[in-house]
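Engineer: Quick one, structure for this:
(one chain, ligands or ions: 1)
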Amino acid sequence: MLNIVLFGPPGAGKGTQSERLIEKYGLVHLSTGDVFRANIKDETELGNLAKSYMDAGQLVPDEVTINMLRSEVVKHDAPKGFIFDGFPRTNAQAQALDEFLAGLQTEISLMLALEVEENELKTRLLKRAEFSGRPDDADPAVIEKRIAVYNNETAPVKAFYQAQHKFVAIDGIGSIDEITQRLFSAIDTNN
Ligand code: B4P
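Structural biologist: Numbers count the residues shown, from 1 in each chain. A predicted model of the protein is given here:
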């Protein structure tokens, strides 16, 4: 199986690029942000819980997120692989993912980390706010919070995969097509 962690700060292009990767490699796309947003829309118990954290730019608690991710993975019968988009976001999530995948006789193949500087992230998110309807994109203070949470809690996850020699940094500045080509070549050379 080809299991990719697509990593990066908020607004780095994870969701955008995931669509290109699933098409080329026939992978299942699992975005924890998308699953939370679908639950918020359907007003489920999980959605109501997640909303308070997401609207404030904070992470949803690990236990809730890990359980949700596991239940999403097992919905798929004999997949070619997964793109984990927005997961793991903490070392505890990364550890739990490794253990869970080991139980399924598979593992993470590669972490691809999109690198984009802070001002560009803010510009992209505020632009997306014009049409996304996402409360977490519309407020500059929430965007600041999301970036701070990324720097403090999520960026350390890179070291987790570096230690396993699975980490590849990708320049996330440029056109969407250029970045897609960088991701394709990283996958094709490292897999
Ligand atoms: P996510 O849904 O993962 O949202 P995100 O970080 O903003 O990334 P997204 O994939 O949507 O944006 P993209 O970079 O593609 O998370 C939202 C919230 O959910 C989190 O804050 C947290 O509360 C919660 N959550 C999710 N996962 C969690 C977890 N594992 N643990 C705990 N909590 C969790 O795109 C951004 C914009 O940039 C788009 O408008 C796009 O068009 C544009 N763009 C993309 N590429 C571009 C390029 N090359 N040039 C110019 N613009 C570009």
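
Engineer: where along this structure do the strands fall?
Structural biologist: Using DSSP state E, the strands of the chain run over 4-7, 28-31, 82-85, 110-115, 167-171.

Engineer: for the third one, which positions count as buried?
Structural biologist: Along strand 82-85, the positions that meet the burial threshold by neighbour count (16 or more other C-beta atoms under 10 Å) are 82-85. Where you see a C-beta, it was placed from the backbone N, CA and C, and this is true even at glycine.

Engineer: Could you do stretch 42-50 as well?
Structural biologist: 46-47, 49-50.

Engineer: export those residues to JSON lines and tack on distance to residue 111?
Structural biologist: Converted to JSON lines, the buried residues of stretch 42-50 look like this (distance: C-beta to C-beta, whole Å):
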{"residue": "46", "distance to residue 111": "26"}
{"residue": "47", "distance to residue 111": "28"}
{"residue": "49", "distance to residue 111": "28"}
{"residue": "50", "distance to residue 111": "24"}
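
Engineer: from those residues, which is closest to the ligand?
Structural biologist: residue 50 (6.8 Å; C-beta to the nearest ligand atom).

Engineer: list the contacts for that closest one?
Structural biologist: 36, 39-40, 60, 64 (C-beta atoms under 8 Å, 6 or more residues apart in numbering).
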